[in-house]
Structures are given as C-alpha cells and as structure tokens.
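S.K.: Okay, here's the prediction I keep looking at, along with the sequence it came from:
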Amino acid sequence: MELIKEPILYQDPLLRIQVRSFHTTTICQHGWHFHPQLEIIAVRSGSMEIHTPAEVYHLRAGDVLILGSSQPHLDLRKENEVVDYVVIQFELEAFLDSNMLSVLYLFQESLLPLARLNALSRDHSALRQQLYNTVMEVQQEHEQKQRGYEMAINYLVKKFLFLLLRHDNEELLEHNQSMNYAKLKAVFDYVEAHLSDKITVEQACLLVNFSYTYFLKYFKQTLGITFTDYVIQRRIKYAERLLLTEDLSIAQIAEQVGLPNLSHFYKLFKRVHHCSPKSFKDTILARAGETIHGREG
C-alpha cells in the first residue's frame, strides 16, 4: 500500500484551516493518504466510504466523520454516483487558546484515537445533526467571507469540539484524568509573561518541580506538542498582534517577541504562515480594506 502525505494548503493567513466542498463522481479521490491535521467530513448528498486500516465507514447524507491526526484513510464512491460533501482540515494546536487548554488537550491523538469519537454520533441523531449543521456553518462562513468570518470559524471549530465533549456519555475523553493540567498553569502564565524575554525549560521545570526529562515528556503528553513548539506558537501569535496593531519595524517586533535574531524570526514565522511577516500584514490589511469598501459600496 502506497501511503501519500497530503499537503494541506490554508486559504487564510489567520486561520490554520482548509475548507473544501466536493461535488464529484470520482471513485477514488486520493488513494491512501494522511496529514497531521484533524479532518472532519460531512456528506450533503449521495454516499461514500472512508476506509481506515481498522474500519470502513459508510457515509450517507447528513453523516459526519472525524479522522484523527495522521490517520491513514482512503476515500471511495460508487461508480457514476454524484457525492456532495464538505471537508474541513485544521491544526488543533491553532485553536489552543490559553483559557481552553484544560479541555482541548483531551483531543490529542496521542492520548485517544479521535476516530473513536465517531461512536458518539453514530447512534445519537440529535448530536449528528448538530455536528453536521456546525460543519455547514463553517463552510458557509468560509465561502461568504463576511466581516468577522474568522471569528465565526474559530468559534464554530470550538463549538464542534464542545458538542463532542458535552455528549461524551461514554467518557471516551476521560482517559487522562490522572494528568494534573492545573499543575501546568504556572508554566502557561510564565510563558505569557515573558514572551519578550528568554524562556527556559529549566525555569519551567522549577515552577512545577519536575525534572528536565520528565517535564518535557509530561508537557508533550498533556498538550500533544513540545514545550519548544508551544513557546514558538505563543511568540508568533504575539507577533501577529503587533504586526496588525502597532507601527513597528519587523526588527522591532522580532525583538519584542523574544526572537531578536531576525533571520530566525523570519524562518519561524514562515513555518507557521508560509509567508513573510510583511506579506502577512499586507494581506490582512488589504482584505480589511476590501471589506470596508464593500460595505460602503
């Protein structure tokens, strides 16, 4: 079996999410493939099959399917049958607001194969309808791009996760109660307070009284990302705010977010946004201007 890593291209620099609609008779869309992003499929009409190494899912109109990070899968349809469906793919870490880490960490693939969550809606028609409607709202917001659609999509992704959590009567997401999330709050506060300064693993270890090795393992297990990657994400988020709200040079922003090596800052920013800080700012401001002019027209 040839397994292909599917590239996910984000259409919006502020949203780490890809939203696509399909209306197709293609029997096999990609072959066996995977991607690090979480994937949600919602079928509007027709029927299709999603194969994973462990299970085959038969989807019909109104069905929703969750595929976890790096889950190998294969899309199949019946010959000559039109299937209309929506696919959203996103990085869970991009929606890790610091005040929501206590619940979002539960959705880490390393702790629970997220495909298991499909059992929640399989026999629960009301939940299935709510999840389906939420995906359709994401697709509509993404397509129409009305003012504030980024906020709407951010909210709707979290609503989808909330619905799963609230209806988890089987306690699938209770697998990690032994991990003391509250213990890491001091680390999160430390990072936020020192984004302009040097942040060290050693200091984080002192805050939670963990050894160096155990802390790194604990952090990765709890959040699904490394401590270094978490700090980078928070620094880049801070840089985004400064780019859009302050009249500072790129060098000044790099300094203020604790990445004074300008080439290193550019490298990390492009790793997240696939564009330079200036291109990011220009794109956002241009789109904001288009929205304003559109409303005035």
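M.R.: Thanks, I have the structure now. Computed from a prediction, not measured in an experiment: that's the story for all the values here.

S.K.: Show me what the helix or strand hosting Ile88 is packed up against.
M.R.: Under the criterion of DSSP states H and E, Ile88 resides in strand 83-90. Contact here means 3 or more CB pairs under 8 Å, 6 or more residues apart in numbering; DSSP states H and E; on that basis strand 83-90 packs against strand 17-24, strand 38-45, strand 47-51, helix 125-144. Every C-beta, even on glycine, is put in place using the N, C-alpha and C of the backbone.

S.K.: could you pull out the helices for the stretch 151-297 of the chain?
M.R.: For the stretch 151-297 of the chain, the helices defined by DSSP state H, counting those that start in this stretch cover 185-193, 201-208, 212-223, 227-245, 250-256, 262-273, 277-296.

S.K.: What average pLDDT does the longest one get?
M.R.: In this case it means helix 277-296. For helix 277-296, mean pLDDT is 67.

S.K.: Run through the residues that contact Arg122.
M.R.: Arg128 (CB atoms under 8 Å, 6 or more residues apart in numbering).

S.K.: Quick check: pLDDT value at it.
M.R.: Among the per-residue scores, Arg122 holds a pLDDT of 88.

S.K.: same check, this time on Ser70
M.R.: 83.

S.K.: now swap in Thr52 and tell me
M.R.: Here the pLDDT value assigned to Thr52 is 87.

S.K.: ok, and the closest non-adjacent residue to it?
M.R.: Of all residues not flanking Thr52 in the chain, His73 sits nearest, at 5.1 Å (CB to CB, 6 or more residues apart in numbering).

S.K.: residues near the one you found, how many?
M.R.: When counting by other CB atoms under 10 Å, one arrives at 22 neighbours for His73.

S.K.: before we move on, back to that, ok, which of the helices of the stretch 151-297 of the chain comes nearest Pro113?
M.R.: Proximity to Pro113 (CB to CB) singles out helix 212-223 among those, at 15.2 Å.

S.K.: Let's test this: name the helix or strand in this structure with the lowest mean pLDDT.
M.R.: Here the helix or strand of the chain ranked lowest by mean pLDDT, DSSP states H and E is helix 277-296, holding a mean of 67.

S.K.: and Glu255, how many neighbours does it have?
M.R.: When counting by other CB under 10 Å, one arrives at 16 neighbours for Glu255.

S.K.: so who does the residue nearest to it when sequence neighbours are not counted touch?
M.R.: Excluding the flanking residues, the one nearest Glu255 by CB to CB, 6+ apart is Ser196, at 7.9 Å. Contact analysis of Ser196 by CB under 8 Å, 6+ apart lists Glu255, Gln256, Val257, Gly258.

S.K.: Give me the local confidence score for Ser196.
M.R.: The model's pLDDT for Ser196 equals 94.

S.K.: before we move on, the earlier item: the residue nearest to Thr52 contacts Glu49, correct?
M.R.: No - when contacts are counted by CB atoms under 8 Å, His73 is not listed as touching Glu49 (10.2 Å).
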